Structures are given as C-alpha cells and as structure tokens.
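[1] pasted the sequence and its predicted model underneath.
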Amino acid sequence: MIKTLKGKINLIYLVLVLLIAVVGITASFNLYNLSKAIDGLMIANYKSISAANNMIDAIERQDSAVLIYISVDSSKGKALFADRNEEFLKWYNVTANNITEKGEKELVLAIKASYNNYVRLFFDLQEIRSREGISKAVDFYNNRMMSDFINTKNILKQLCILNEKSMFNSKYSATKNSNNSMYIVLGLSIFAIISGYTISRFFSNKFLMPVTMLTKTMRLIKAGDMNQQANIISRDEIGELAEEFNNMTKRLQQYEQSTRGNILAEENKSNVIVKNISDPIVVVDMNYRIVMLNHAFEKVFGVIEKNVINKNFIGAVRNKEIFDFISSAIDSDVDTKQKIFTVNSNKEYNFYNVVVATAKDSNDNLSRTIVVFQNVTQLKELEKIRTDFIATISHEFKTPLTSIIMGADMLNDESVGVLNEEQQQFVNAIKEDSDRLAKLVNDLLELTRIESGKAVYKFQKYSINSIIECAVQPFYNLAAQNSVYLHYEPDNSLPMVYVDFEKITWVLNNLITNAIKYTGSGDEICISAVYESNKVYVTVKDTGTGIPEDYLEKIFEKYVQVRDSDFEVRGTGLGLAVVKEIIAAHNGVIWCESKLGVGSSFKFTLEVDSFDVDEK
Ligand code: ADP
C-alpha cells in the first residue's frame, strides 16, 4: 500500500503512461502487420507474376524460332531458340527460388517438366528435318511440339493466376488488418481517454478531500472556534499536515487559555486596585450605563454597586451638571477633559476635579468612558485662603496707595511748594512706583475676584464694533504721542456677540496697553474682527518687539513676563492671566502668534448671539 501523496500521484501517472503505452504499442504492431502484408503483396507475388510473363514471352519467341528453323533459316532459328532458352531458364530460376504460395511449387515443377519435354522435342524435330524433310518436320511440330508449347504456356498462366489471386488475398487481408487496427486503436484510445479522465478525477477528488476538510476547519478556527480539529483521513503528507495543524490548534488553545487566565488575573488585580483607590471612579459604556465603580464612588454618591450597575449614570447618580460634562467630554474629540464640581455627600460639600477619559476599541470606536473624581477640597480651601489673603492685602494697600499717589501728585503739581530738581526726581520715582503698585493691586483684586467666582458677568448682546471702538478710543492720543499708528476699521456686517461689555472692554484695554508698551516710534497697531465658523475672531496685531516662541503659551500664566535684557520690565505679569480667565468665562479661547522683531497678534474668540445669526 502506497502511503505518500507523492507515491500515489506517481502511481496515477504510471497508470496513465501505461494506458498510452498500450495504445502506442498496439498501433505500432498493427502498422507493422500492415506494412508486412503490403510487402508480401508488392514483392513476392509481383516477382512471380513478372517472371511467369517473361517466361511466356521467351517460350513464344522460341516457338517463332522453331517455325523460322523449319521454313526460313535453320541456323538462325536454332540460334534464336538457344538464346530464348537461356532467357526462359533465367526467369524460371527466379520463379523456382520465389515459392510463396500453396500449390506454387507443383506448378513450377510442372513448368519444368513440360518445358524440358518441349526442348527435347525440338532436338527430335531437327533429326526429322534433316532426315525426312521439311513437311515431315512441320507435321511433327503440329502433332507433337505444339501441345507442349501450349501446355507450358497454360501452366505459366496458372502460375500468374495463382499469384494474382494471392495478391488479391493479400490486399483484402491488408485492408482488413488496417480496418481492424483502426478500430482497435480507436477503441483503445477511447478507453484510455475515459479511464484516464475517470482515474484522474477520482484520485484528485480523493486526494483533495482532506485539503477541503482542512480548509473548512481552518475557517471555523479563524471564526473563533478554537475547539475544532481537522479529521485525519489519510496517512500521507496531507495527513501529516492535518496532524501538525491539530497540534498547532492545541497549542493555540493552551496559549489562549493561559493568556485568558493571565488577562483574567490581571483584570482581577486591576479591579482590586481600582476598587480600593481612594478617589471615586466610575466607568460607563457608550449608552452612559455604569459598567464599573469603586468603593469610594459608592461612598461619595451614596449608591450600592449591585443597585446601579448597568443603570444609566444620570438615573443612578442624579447629578445633571456632571452628566452634562461627561457627555460634552465624550462629544468633544479630546481624550481627556476635566472640570471642578461641588458634590454634596453626607451633608458635606466637597470640590471634585472631574477627569473624563475616553477609551477606544481596536476599531477606533468609543467603548468606555472612565470618570475619576479627584477630591480637591483641601486645595480649594488653601486657594481660598490665599485668594482671601491677597484680596485683603490688596484691599488694605489700596487706601494708603491712593493717599501716596495723591500726595505725590500734589508734590508734583507743586501745589504745596516748589521742588528742586533732586526732590522732583524723588517725587517722580515715588509716583511711578506707586502707579505700578496700584496697577498690581488692581490686577490682583480683579484676578482674585474672577478666580474666587465672585466676579459677576452681565451677558448681553452687543455689537463688537461698539466694544472695540469704546476700548480703542482712549488710546489714540497715547499712541500718537509714541508715534505709533493705531487703527481699527469697523465691519458692519459682523453679527452681535453675547458678552459682558465691561469685561471684554477690559480685555481689549489690556491687549492694546501691552501693544503700545511693546511698540516704538513708526510701529503700527491694528485691531480687527471677523466672523467665521459661528464665532467672532478679534485680533490685536502689532509690529512691535515680538515674543519668543517658547513664551507664546506661558505668557498667559500668572506673573510670567518675557525677560529680555533690552527691555526693562514694565508690568505686573498678571494682565494676560486675567484676560485668559475672562475669555474662558465667555466660552472663548485666546492665543498669541508672534515672531521676534516682527510683531505679535493676540487673537480671541467670542460666541455670537444665535438669534442674530439666524436672522442673518
Ligand atoms: P505685563 O503687565 O507684564 O504686561 P501681561 O500679562 O500683560 O503682563 O503680559 C505678560 C508678558 O507678555 C509681558 O511682560 C510681555 O513680556 C509679554 N507681552 C504681552 N503683550 C505683548 C506684546 N504686545 N508684545 C510683546 N510682548 C508682549
């Protein structure tokens, strides 16, 4: 029994080759027989017929020679007879050596006997002519020789007929043979084609069946059914392949089980960690259903895991503000978002920095949202103490500062007496420093008010042109004094904005003050506003000193100023921090684009009044 696939394929090839060989050998054998038959037909019989005809011709000439001998010229007749005798014997020898047919030998012997008798009688005739004269010789010829002459000729004709018959028989058998060979070769060819097709069909199906089954099993495994095993139905190479495949799936199964086990163990570990983290944590799915929460969350929000799991967040926690924040964080395209909320738990108010992080699956679709509540109550309290302290100090500074500034102004005006140059210089220095201190105090008070949430915003719809004009107006003189070209081209097509007029004016004041501070003679300050993507973009652009790239974000932090040896520090470092807070309170953003030595552009966005946009 052949075991290998290679051996089986070779065997089929061998069978097919044998079939072809049988057809080929049979065809060759038949062709050989046919050629042999034609050979017999063409050569042997033809040779005998030709020889017989030549002998008839020779004996007929001999007969004429006898008549010449008798009646015309005896010596010429004798010579002619002898000559033809040689010819006759030559062809006789050919015939005698070419006996191929049954009865041919007897005919040849009869020819020999009859011819010998005829030749002997010619000698007798010669005797009679010389002894008894021509007329007796003629009688002898007519009565004796003539019958042998005719007899010999007849036997020769019989020989011809015998060979002709044989030729016909050979032709008939050759035709029969060729027809038979044709049918045999045709039959064998049809047999070879049918059996070759059947064998190859049968065996290819048989050999490919395990491959088909293996492919089916592979598909099932690919679909996730790791318990599938391929059937081993042959012991050949495909059988080996199936066996190796089964070993591989077993290994995969083991690997999957161990990986799953590891994952489960890791999951349990992280579950334990998450459950015991002191910050409240909750995980929701795409439909805001709670899929996981920890002990701290249960405690802070007064819920029990088994009662809220798989329930909607808002139904379980009942805090609409936080829920809205989570859904806005999911809707926005950022990965994490955070905001501080107050949460009332066990009759105690606490501040929580709510951090919302979204997790995506392998197809980049949102799968889970993790919400962490960082308790920042203590930080908030510290912040409040700090803010209150700064506010108190600033407030306490304000009254004496006002008196100092007033005093300095009075001294400066010389309303209390004339000052000498040195005294004037001291007074100027006092005035400058007190002004700076007053600005710092004002900025600090503003900032603490905003940060503590005490700042009150009066949102209304205004034309942005009116706000900008109101903010720019007081600076035209100052800019002109510094030889700076300050300009603003109002655009009346802009929609109304929904803002606190005073706060946005304050923002613009600050930005224009900065622009004037950091520009010099011949520079330009341009204020503009455009409407784009449902927002108004306001820009304060100057051609001043510019800001180094690494400061572009930092300048919006408190007390950050660009340290540059070429410029004396001329501010408090608080203005932009306040500006940023105010813009954020308007749901806008502010940023700066700048190039050193070329100038800076401060841009911020404002929300438009939706009704106004709809009307347009
Ligand atoms: P300050 O009272 O110091 O101006 P700000 O918060 O308003 O405080 O500005 C912070 C820093 O940003 C400034 O000290 C200055 O270095 C830089 N800055 C602000 N505006 C400009 C401007 N238009 N051109 C160049 N630098 C500027």
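    Cool, got the structure. Because the structure is predicted, anything quoted here is derived from the model rather than measured.

[2] report pLDDT for the residue of the stretch 151-300 of the chain found nearest the ligand.
    Going by CB to the nearest ligand atom, the ligand is nearest to Asp279 of the stretch 151-300 of the chain, at 34.1 Å. Every residue, glycine included, has its C-beta placed from N, CA and C. Looking at Asp279, its pLDDT is 91.

[3] and the longest strand for the protein?
    Identified as the longest strand of the chain according to DSSP state E is strand 348-360.

[4] list the buried residues in the helix or strand just after it.
    Where DSSP states H and E defines the elements, the next helix or strand beyond strand 348-360 is strand 366-375. Residues of strand 366-375 classed as buried: 369-373, 375 (neighbour count, 16 or more other CB atoms under 10 Å).

[5] list the pairing partners of strand 366-375 within its sheet, with orientation.
    Using DSSP bridges, the strands paired with strand 366-375 are strand 281-285 (antiparallel), strand 348-360 (antiparallel).

[6] out of those, deepest packed?
    strand 281-285 (a mean of 20; mean count of other CB atoms under 10 Å).

[7] in the stretch 301-450 of the chain, where is pLDDT below threshold?
    362 (pLDDT under 70).

[8] how many neighbours does Phe602 have?
    Residues near Phe602, counting by other CB atoms under 10 Å, number 26.

[9] my guess is it meets Leu511, correct?
    Yes - the criterion here is CB atoms under 8 Å, and Phe602 meets it with Leu511 at 5.0 Å.

[10] coming back round to it: OK, contacts around the residue of the stretch 151-300 of the chain closest to the ligand?
    By CB atoms under 8 Å, 6 or more residues apart in numbering, the contact set of Asp279 is 296, 372-375.

[11] overlap in contacts of Phe602 and Leu511?
    Val540.

[12] return the residues in contact with the residue in the stretch 1-150 of the chain positioned nearest to the ligand.
    Across the stretch 1-150 of the chain, the shortest distance to the ligand (CB to the nearest ligand atom) belongs to Leu5, at 81.6 Å. Leu5 makes contact with 207, 234, 236-238, according to CB under 8 Å, 6+ apart.

[13] of those residues, select the buried ones using a ChimeraX command.
    Entered in ChimeraX, the line below selects the buried ones among the contacts of Leu5, by 16+ other CB under 10 Å:
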select :207,234,236,238
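
[14] what about the contacts of Leu5, which are in helices?
    207, 237-238 (DSSP state H).

[15] in a markdown table: those, plus pLDDT and distance to Ser345.
    A markdown table is the format used below for the ones in helices among the contacts of Leu5 (pLDDT from 0 to 100; distance: CB to CB, whole Å):
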| residue | pLDDT | distance to Ser345 |
| --- | --- | --- |
| Phe207 | 77 | 74 |
| Glu237 | 79 | 71 |
| Ile238 | 79 | 69 |
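
[16] tell me which parts of this protein are close to the ligand?
    510, 514-515, 518, 542, 544-545, 547, 555, 561-562, 571-576, 600 (CB under 6 Å from any ligand atom).

[17] just the ones in helices from those residues, please.
    Among the residues of the chain next to the ligand, DSSP H puts 510, 514-515, 575-576 in helices.

[18] most neighbours among those, which one?
    Going by other CB under 10 Å, Ala515 tops those with 27 neighbours.

[19] residues contacting the closest residue to that residue other than its chain neighbours?
    Counting by CB to CB, 6 or more residues apart in numbering, Ala515 lies nearest to Asp542, which is 4.1 Å off, once chain neighbours are set aside. Asp542 makes contact with 515, 518-519, 523-526, 599-601, according to CB under 8 Å, 6+ apart.
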